[in-house]
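Asker: what follows is a predicted protein model with its sequence.
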Amino acid sequence: MLKRVVITGLGVVAPNGVGIEEFERAIKNGVSGIRYFEELAEKKFSCCVGGQPEVSEEKMLEYFSPLQLRNFTSWGILYGVMAGMDAWQDAGLPIDATEVDEDAACIFGTGISGVEKMAEVTLKVNAGNVRRLGSTTVLQTMTSGVSAYLNANIGFGNQVTTNSSACTTGTESLIMAFDRIRLGKAKRVLVGGCSDHGPYIWGPFDAMKVMNFKSNEAPEKASRPMSATAAGFVPGSGAGAMVVESLESAMERGATIYAEVIGTAINSGGQRNGGTMTAPNATAVQRCIRTAVKEAGVESKEIDLINGHLTATVKDPMEVENWALALERNGKDFPYIHSLKSMIGHCIGAAGSIECVSAILAIKGDYVFPSINCEDLHPQINEIVAKERIPSALVEQAGINIVAKAGFGFGDVNACVLFKKYNKE
Amino acid sequence: MSAPAYCSKDTVRNEYHCVLFKNIQMSDKELIELLKKIVKPYIQNEEGFAQLSESTHLIDDLKINSANLVDVVLDIEDAFDIEIEDDAFENMLTVKAAMAVITEKVAAK
């Protein structure tokens, strides 16, 4: 029989809050973490705003030794390790310097690792100075670096890997863990996603002209999902992490259960029928959502809240339409819907994981955090959803029992997960 | 640990930036003291480090991770403004051998 799967630990390093407490306070209050970066202007970026977690060097030293931090510029790994360690400790799981936990796995994703380090590699190699790269360049630039660093700290004895599927990465890692636990191949999995900050990772998106270059003077207003004046996404960075665990294991340990994972789906539109390298095949998105709802064994009318992908590009109305068609709900009957990206931007490889963390917090705390910067709701979205279902202020005691979270990524890949308030039945 | 007088130290990253002596003669004792400061971030055996002498083996006695040896050598290069080739590098497994390489390279500058 398939095992029930729950969430027992959370960690987050986000542009508007580092650590669960600070992050939750920020999202409930609609606090934007988007800032202006002089460096981007100097480097002639069109979009000079972005989201970057504020982490002091003292804070880094709580997670890394001074030796590890020498010449360390792999920021996604830094954020991933911080969030991952926080989640593990939040779950009340031990960190033993000698024991290896055979039942514990780590599936921690990223879109790319250590781009700033790679820039250094290019410079040194081209200058004939390859020998000056030192011993940690490989560890900082290998895609699985984040799970390798986490493994050094925690000592997983089960699968240790890094998944990568563009902007669905974080959500996908959770779903991969869900499958592994349900089949009894692991009892607990540390999952998450992380992403670098800075000009080298954001630059290629700037070049694609998919970022908002019209709001450099008003950073906090720049990320505008679902707004009529949405003008492209704002790049972000950071990490989210969760401990995914079998219900049995959580009960045995007497762990705090944040929520249950009841249904999941991963698919692709195959870059056919409207799907391209950068745009989703709508039919496949709808199929992904329907499959997750079906696996959860619930009716679509039971979904209380949608934590959307909603990046603030021209694709937002299409996403909302896909939700409406897949769930067969609209107008005042539509679930609450919001976009965390309105506050932290699009954290790329970390987006899905930070957003899953926010979805789980919403269930645990029974609230809907505001979706900011869409006071001028896009008319096409307003035709589908009543404005009151997109809160611009915190809704408390919102009766949140089931949250649907989806993520979509370049390459035409989709992921959807349903979280439910845990009850023993 | 405070930085040597001739070095500035980035306290958070524990990184030394040493601008060193082209023409300064060091005694063996001074050289060992400086080497101690360079290897300190990498050692995993405090006892071996406390007893560090010419005969100390970097891996066996100080338990320096072998992957980190290249970083120790890069730090030595920075500290003395020298370049250490692969052949010399392979032999730098004891304090004595390191001292010999450093002395030779500094003298050849």
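Answerer: Ah, there it is. Residues are numbered from 1 along each chain as shown, chains lettered A, B, ... in the order given.
Asker: drop to CA atoms for contacts and neighbour counts, all remaining ones
Answerer: Noted.
Asker: helices and strands of chain B: which one has the lowest mean pLDDT?
Answerer: In chain B, no helix or strand scores lower on mean pLDDT, DSSP states H and E than strand B:15-18, which sits at a mean of 50.
Asker: shaky segments in the chain?
Answerer: Looking at chain A here, since you left the chain open. Counting by pLDDT under 70, not a single residue of chain A qualifies.
Asker: that was the other one, I meant chain B.
Answerer: Scanning chain B for pLDDT under 70 picks out the ranges B:1-25.
Asker: could you pull up phi and psi at the residue nearest to the spatial centre of it?
Answerer: Centroid-nearest residue in chain B, with C-alpha atoms, centre = their mean: B:L35, separated by 3.5 Å. Main-chain dihedrals, B:L35, degrees, to the nearest 10: phi -60, psi -40.
Asker: buried residues, stretch A:359-377. List them.
Answerer: Buried residues in stretch A:359-377, counted by 16 or more other C-alpha atoms under 10 Å in any protein chain shown: A:359-375, A:377.
Asker: and it, how far from the chain's centre?
Answerer: How far stretch A:359-377 lies from its chain's middle: 15 Å, per C-alpha atoms, centre = their mean, to the nearest Å.
Asker: mind exporting it as PDB, just the C-alpha atoms?
Answerer: Only the C-alpha atoms of stretch A:359-377 are listed here, as PDB (Å, rounded to 0.1, in the frame of the first residue of the first chain):
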ATOM      1  CA  ALA A 359       1.700  27.500   0.500                       C
ATOM      2  CA  ILE A 360       2.400  25.200   3.400                       C
ATOM      3  CA  LEU A 361       2.600  28.200   5.800                       C
ATOM      4  CA  ALA A 362      -0.700  29.400   4.500                       C
ATOM      5  CA  ILE A 363      -2.300  26.000   5.400                       C
ATOM      6  CA  LYS A 364      -0.700  25.900   8.800                       C
ATOM      7  CA  GLY A 365      -1.600  29.400   9.700                       C
ATOM      8  CA  ASP A 366      -5.000  29.400   7.900                       C
ATOM      9  CA  TYR A 367      -4.400  32.600   5.900                       C
ATOM     10  CA  VAL A 368      -4.100  34.000   2.400                       C
ATOM     11  CA  PHE A 369      -1.200  36.400   2.100                       C
ATOM     12  CA  PRO A 370      -1.700  39.300  -0.200                       C
ATOM     13  CA  SER A 371      -0.800  39.400  -3.900                       C
ATOM     14  CA  ILE A 372       0.600  42.900  -4.200                       C
ATOM     15  CA  ASN A 373       0.800  45.200  -7.200                       C
ATOM     16  CA  CYS A 374      -2.300  44.000  -9.000                       C
ATOM     17  CA  GLU A 375      -4.700  46.700  -7.900                       C
ATOM     18  CA  ASP A 376      -5.100  47.300 -11.600                       C
ATOM     19  CA  LEU A 377      -6.200  43.700 -12.300                       C
END
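Asker: tell me how many other residues surround residue 86.
Answerer: Reading this off chain A. A:D86 is flanked by 24 other residues according to other C-alpha atoms under 10 Å in any protein chain shown.
Asker: actually chain B
Answerer: For B:D86, the neighbour count with other C-alpha under 10 Å is 10.
Asker: what about A:V285, distance to chain B?
Answerer: Look at A:V285 and chain B: by C-alpha to the nearest C-alpha, to the nearest Å, they are 46 Å apart.
Asker: ok, now A:P66?
Answerer: 5 Å.
Asker: same question for A:V55.
Answerer: The gap separating A:V55 from chain B is 13 Å, by C-alpha to the nearest C-alpha.
Asker: can you check A:T313 too?
Answerer: As for A:T313, its distance to chain B is 40 Å (criterion: C-alpha to the nearest C-alpha).
Asker: in helices only, show me the buried residues of stretch A:359-377.
Answerer: Among these, the members falling in helices (DSSP state H) are A:359-365.
Asker: I'd like the residues you listed written out as JSON lines, with distance to chain B added.
Answerer: Output for those, formatted as JSON lines (distance: C-alpha to the nearest C-alpha, whole Å):
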{"residue": "A:A359", "distance to chain B": "36"}
{"residue": "A:I360", "distance to chain B": "35"}
{"residue": "A:L361", "distance to chain B": "34"}
{"residue": "A:A362", "distance to chain B": "37"}
{"residue": "A:I363", "distance to chain B": "39"}
{"residue": "A:K364", "distance to chain B": "38"}
{"residue": "A:G365", "distance to chain B": "38"}
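Asker: out of the residues you listed, who's nearest A:H346?
Answerer: Ranked by distance to A:H346 (C-alpha to C-alpha), those are led by A:A359 at 15.8 Å.
Asker: residues in contact with that closest one?
Answerer: A:307, A:403, A:405, A:419 (C-alpha atoms under 8 Å, 6 or more residues apart in numbering or on different chains).
Asker: with A:S135 instead?
Answerer: If you count contacts by C-alpha under 8 Å, 6+ apart, A:S135 has them with B:67-68, B:70-71.
Asker: same thing with A:Y336?
Answerer: The contact partners of A:Y336, by C-alpha under 8 Å, 6+ apart, come to A:304-306, A:368, A:389-391.
Asker: list buried residues within those residues.
Answerer: Neighbour-count burial (16+ other C-alpha under 10 Å) applied to these gives A:304-306, A:368, A:389-391.
Asker: can you tell me which of the contacts of A:Y336 are in helices?
Answerer: Using DSSP H to define helices, no part of the contacts of A:Y336 is located there.
Asker: which one of the residues you listed is nearest A:G352?
Answerer: Within the contacts of A:Y336, proximity to A:G352 (C-alpha to C-alpha) peaks at A:I306, which comes in at 13.3 Å.
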